[in-house]
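Chemist: can't give you the sequence, but here's the structure:
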């Protein structure tokens, strides 16, 4: 492993942290990734990754690991919202999914050597990747309509619609499919109208047999089916508080072995590898020290050396070659957006293939300190504090509650928003309040029906804990967030204007009962149930919901607020922003109001995102100001 | 009895008969709409029609007899229409209260599938089916956005008549806002 150590030293030899000259431009934090979602080919000779150079062009990059040659093939021209799920289906062909509006296309890219352009084949809308089958037989299984079809990987895309290629009809409402033994045994997962799931098994001579059910609040997520046709690897929280990785016997109807579990943390990360048809690695985010365990026996011995070779970095295994001689790694940190490395498990040599944001220098960024807050009612909450290392303190603090609120969580890892704010002289606080995911069912459930109440109690408690740090200025605190975070920002400035001197909301909910006033929700039983479960019953709890709705509480706002909203948001309709504006106008409260044409619940366009953050920085500068030294900087 | 249109400028001196109410037909669409049709729930014939909604946001006011109604169809012209009575659902039903301005929500129509709204509109006008183009239609409570788009005099007129939300899900905010703007604490 000597060469790994040398590489790590080279990483550490980057310029020392300093804030010399102009800060990183806002736009640089929101440029599309240059190299993302990488996977090693089954034979370990190639690596493929997705990259999106601009809003209108998406590329697949293929690297020949023997020569280091990189070939880029343009795979989509058009404003795809995103594209992901790259998988190799043979030694030379990878597929990925391209999402355009509400539609999606599977696209196949075939490597044809350094001297030829890769062949790009878009498949018809509605065809989805299901299983690569044997990696060396040039066949794969795709879903189309209610059935699975076996098709030639590089053949005519219309073959997915031909009856002679149809292999099996799926149970109605299938949302996930697994198989083993090249299709001898099959597993399907279907979703019920109430949000629960059924699990189905099929052998060659049998019809589909339902072998298990799970209620909507239960997790039972099959990852892979062994060749014996009965042993499932699954992530589940049945009969325990945290989600763990188990072996489950379909025939016997029970768990047979625990592969990975922690009493306080959910297994949130697992890498299923088509090449080996096994879970290569799994793990969880444990506050400031993410924990990954390599489960594949052939690669497990590499784990300690990996951590040693990249000190201070988070090292996540991605996938293995079929012969288990090469492994792809993703290496990142709180200051580094990360990059992909091909690791030779025999020699220990790791080679950088590409970085997500190579234009950013990690040495310019701010370290993030992870801490734990213990609440009076017994919960342990992770919180993350980034305090600038440049300029002169005490620094104003920006509190950034995450969205959700249920099941979502912040991590110690690189975050563009945190680093942008820190680069402008603001300390940044993020907290995994009750309701957050990753730390078991009790914490997750405890956030339900606590909008504007105990969730905001947790956030305030984390702010007070953070303000014990003498580097922070407790008189200059602002709260900023999107979606639930935007709601929380508005509620926090209503609840405690002495603590929060301003608030900014993007796509924030302002009227909880309004969430139900549309046919998008009223026609969707799952959505209705999910809202009632998380927020409350709009009829029975109407008064309670209004009591924690910012649009009904605007009179209490005494601090400046910024409201921003995408006009195509179907999750938090723009009406929420306009209600707030209407009431702020009525009470003649100070506010800024910005809308973004064509934007939804998040930003699809980098220009709009840059505009929002530029306006946010201006707003923050006016309300709580940058640190004095930065204010004097050019 | 057919609905009659009321111009926004007429709202401030609108005279309603004892059994009449005002219906707000507010539309935000990517595709030009020829008409929105609605009828009494228990009648298969006798449809009422709100004519023409261009691409973008538009609002019109119809004066009609008070009572129960349901949306029946959004017509894009030619052979293209979006039926709203299959499956039968109370979410497309609304009540027009006498002497009130009744707002059943905004029709939000969007071309889907990534082709872009302009291309989708052109495709439909050239004979492509709605299924080919892909679209979404929803009825959404946009009370504040409706008032924001109106001139102050029109807002005042609506306030004087009393604007109530009669769309899916129910909504107390118009009552609250109405009371607050008149100096009452609800």
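Modeler: Nice, I can see it. Since we're looking at a predicted model, the values are computed, not measured.

Chemist: what average pLDDT does stretch A:299-309 get?
Modeler: Taken as a whole, stretch A:299-309 has an average pLDDT of 77.

Chemist: how many residues are close by residue 23?
Modeler: As the question left the chain open, I've gone with chain A. If you count neighbours by other CB atoms under 10 Å in any protein chain shown, residue A:23 ends up with 16. In this view, the C-beta of every residue, glycine as well, is placed from N, C-alpha and C.

Chemist: right idea, wrong chain: chain B
Modeler: Neighbour number of residue B:23 under other CB under 10 Å is 23.

Chemist: just how off-centre is the helix or strand harbouring it within its chain?
Modeler: Counting by DSSP states H and E, the element that carries residue B:23 is strand B:20-29. Centroid separation for strand B:20-29 versus its chain: 4 Å, with CA atoms, centre = their mean, to the nearest Å.

Chemist: chain A against chain B: which residues are in contact?
Modeler: By CB under 8 Å from any CB of the partner chain, the part of chain A that sits against chain B consists of A:78-80, A:100-103, A:125, A:511, A:513-514, A:516-523, A:538-539, A:542, A:546, A:551-552, A:568, A:570, A:573-575, A:578-579, A:581-583, A:586.

Chemist: which of those residues are buried? Put it as a ChimeraX command.
Modeler: Burial among those is assessed by 16 or more other CB atoms under 10 Å in any protein chain shown; the matching ChimeraX selection reads:
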select /A:79,80,100,101,511,513,514,516,517,518,519,520,521,522,523,538,542,546,551,552,568,570,573,574,575,578,579,581,582,583
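
Chemist: among the residues of chain A next to chain B, which ones are in helices?
Modeler: Among the residues of chain A next to chain B, the members falling in helices (DSSP state H) are A:519-522, A:542, A:546, A:575, A:578-579, A:581-583, A:586.

Chemist: residues in contact with the residue nearest to the spatial centre of chain B?
Modeler: What sits nearest the mean C-alpha location of chain B, by CA atoms, centre = their mean, is residue B:25, with 2.6 Å. By CB atoms under 8 Å, 6 or more residues apart in numbering or on different chains, the contact set of residue B:25 is B:36, B:50, B:53, B:59, B:60, B:61, B:62, B:107.

Chemist: how about the residues you listed in a markdown table, adding secondary structure, distance to residue A:473 and pLDDT?
Modeler: What follows is the contacts of residue B:25, written out as a markdown table (DSSP: H, G, I helix; E, B strand; the rest coil; distance: CB to CB, whole Å; pLDDT from 0 to 100):
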| residue | secondary structure | distance to residue A:473 | pLDDT |
| --- | --- | --- | --- |
| B:36 | strand | 56 | 88 |
| B:50 | strand | 57 | 79 |
| B:53 | strand | 53 | 84 |
| B:59 | strand | 48 | 91 |
| B:60 | strand | 54 | 90 |
| B:61 | strand | 54 | 92 |
| B:62 | strand | 58 | 92 |
| B:107 | strand | 50 | 93 |
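
Chemist: now, among these, which is nearest to residue B:21?
Modeler: residue B:62 (9.4 Å; CB to CB).

Chemist: can you give me the strands in chain B?
Modeler: B:4-6, B:20-29, B:33-39, B:48-53, B:56-65, B:67-77, B:80-83, B:93-96, B:101-103, B:106-111, B:135-140, B:163-165 (DSSP state E).
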